[in-house]
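Novice: Using only what follows, build the 3D model:
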Amino acid sequence: MSKIAILVGSLRKESFSKKVANNLVELFPKEFEVEFVEIGNLPLYNQDYDDENNAPAQYDTFRNKMKGVEAVVFVTPEYNRTLPAVLKNALDVGSRPYGSSVYDGKPALVVSQSPGAISGFGANHHLRQALTFLNMPVVQQPEVYIGETHELLDENGKINDKETVEFLQSAVDTFVQLVKRYQA
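Specialist: Presented below is the predicted three-dimensional model:
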């Protein structure tokens with residue numbers, strides 16, 4: 001069984017990103033265990049915590065959970081043409097202390113969404129830039145930008161557009177193949 005983490009870059013109770021992520025979970029094959037990993041409780045990264053062996057318990061919990069997964073799906077909105085601070089903080093916490101990154105070599109899928117037409121393009125590409133440094137092989141094609149998200153979700157948070165679901169399935173299928181390549 002392959003363990004996949006989903007990190008959601010939005011803390012909002014009715015987050016579109018969380019709803020999109022919930023839809024993605026249903027598209028994975030049965031042999032994949034997909035789990036949401038909490039990032040909203042992580043204190044802002046401060047290297048002094050690690051240097052003084054005094055990291056907050058939330059860091060240890062997060063790092064240990066992420067060490068136990070084989071790959072990561074990032075689902076994020078765009079804030080001010082970049083990724084949200086909560087997601088950047090999770091990248092920083094997980095990549096430290098230096099030489100102990102929980103992300104190293106783990107396949108990744110980046111999904112950005114927005115109620116606007118730009119579809120989180122800036123967040124998607126800024127996140128990809130950070131993942132390159134973290135040595136995470138990222139699904140290159142298809143790129144996943146979901147615009148006008150609020151129009152695609154029904155009252156239960158399900159994506160109501162068949163073409164969007166088919167597109168997301170193709171992205172998940174590509175990601176699954178990437179994960180399997182790195183398991184071999």
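
Novice: which stretches of the protein form strands?
Specialist: Using DSSP state E, the strands assigned to the chain run over residues 2-8, 32-36, 71-76, 108-114, 144-147.

Novice: Tabulate the CA atom coordinates of the third one in PDB.
Specialist: Output of strand 71-76 as PDB, limited to C-alpha atoms (Å, rounded to 0.1, in the frame of the first residue of the first chain):
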ATOM      1  CA  ALA A  71       4.600  11.000  -2.200                       C
ATOM      2  CA  VAL A  72       2.800  14.300  -1.800                       C
ATOM      3  CA  VAL A  73      -0.100  16.100  -3.400                       C
ATOM      4  CA  PHE A  74      -0.200  19.800  -2.900                       C
ATOM      5  CA  VAL A  75      -3.600  21.600  -3.400                       C
ATOM      6  CA  THR A  76      -3.500  25.300  -3.100                       C
END
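
Novice: and that strand, what's its mean pLDDT?
Specialist: Mean pLDDT, taken over the full extent of strand 71-76, equals 98.

Novice: partner strands of it, parallel or antiparallel?
Specialist: When pairs are called by DSSP bridges, strand 71-76 turns out to pair with strand 2-8 (parallel), strand 108-114 (parallel).

Novice: Give the rounded mean pLDDT of the last one.
Specialist: Right, the one you point to is strand 108-114. Within the predicted structure, the mean pLDDT of strand 108-114 is 97.
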